[in-house]
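Visitor: heads up, no residue letters with this:
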């Protein structure tokens, strides 16, 4: 839902709260939906994927980076959605493990979703989910094409790199391990390249970074609250 998210964030200020976002979608029809039912469904889905609440660090940091990193917006949206949507997350490995130029195997996506949900989805619903997640990976830049989709490599920006590192940090990872999490794999870059990019993210106040040889310390005092940092220490 990259287009809807982009329109919504454009329509409201950085200090907007969840009520403001929901009112913009449902009451003011900021996203141009044709029916009240569609507006409510859109609000529900955007809330599921992105929270739309500044008290949730995944959304608050996305909102902050969104303003400063236009090229990185598709990856920021994908990373946040991956963290919040288990069905989308279940399809990450089949996509990320593809080599550049490889055609997407619809069956591998279907099998990954089936493995995650068991028999809870009928064939029609499963087919719809496969189409939706394929669209999501296309919007993020990992796939290209309409009917037939092929893998292409994405280029992480400093702030998308900071966001992926933050997701690992919130899970309790620290130091160099932050460059080798499922979140950083989404960025299609080696740990060494990400470390270089993270240096630029530090300049943009996306993270705190201290490095000496092979030892690296990464923190997020610039974007996370003291309580969120404390909670991350016991999350893993």
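Guide: Now that the structure is in, tell me what you want to look at. As the structure is a computational prediction, the values presented were derived from the model and not from experiment.

Visitor: centre-most residue in this structure?
Guide: By Cα atoms, centre = their mean, the chain has its centre lying nearest to residue 79, at 1.5 Å.

Visitor: contacts for the helix or strand harbouring residue 94, please.
Guide: Element membership of residue 94, judged by DSSP states H and E, is helix 92-96. Applying Cβ atoms under 8 Å, 6 or more residues apart in numbering, the contact partners of helix 92-96 are 82, 104-105, 108-109, 111-112, 137, 142-143, 151, 182, 185-186, 188. Placement of C-beta: from N, CA and C, glycine included.

Visitor: still on that earlier bit, for the helix or strand harbouring the residue nearest to the centre of the chain, the distance to its chain's centre please.
Guide: With elements taken from DSSP H and E, the one containing residue 79 is helix 73-84. Distance of helix 73-84 from the chain centroid (Cα atoms, centre = their mean, to the nearest Å) equals 1 Å.

Visitor: helices or strands up against that helix?
Guide: Packed against helix 73-84 by the contact rule (3 or more Cβ pairs under 8 Å, 6 or more residues apart in numbering; DSSP states H and E) you find helix 2-11, helix 36-50, helix 57-68, helix 86-90, helix 123-139, helix 158-170, helix 182-185.

Visitor: moving C-terminal from the helix holding residue 94, which element do we reach first?
Guide: With DSSP H and E, the next secondary element past helix 92-96 is helix 106-117.

Visitor: mind picking the two most distant members of the contacts of helix 92-96?
Guide: The largest separation in the contacts of helix 92-96, counting by Cβ to Cβ, is between 111 and 188 at 22.7 Å.

Visitor: higher neighbour count, those two?
Guide: The neighbour comparison of residue 111 against residue 188 (other Cβ atoms under 10 Å) goes to residue 188, with 18 against 14.

Visitor: contacts only, for that one.
Guide: Taking Cβ under 8 Å, 6+ apart, one finds 96, 142, 153-156 in contact with residue 188.

Visitor: thought residue 2 was touching residue 76?
Guide: No. Contact between residue 2 and residue 76 fails when scored by Cβ atoms under 8 Å: they sit 9.8 Å apart.

Visitor: run through this structure and note the low-pLDDT ranges.
Guide: 234-236 (pLDDT under 70).

Visitor: could you list the domains of it?
Guide: Split into domains by automatic domain parsing, the chain comes to 1-54, 83-151, 158-232.

Visitor: quick one: distance of the shortest one to the chain centre.
Guide: Average the C-alpha atoms of domain 1-54, do the same for its chain, and the two points are 17 Å apart (Cα atoms, centre = their mean).
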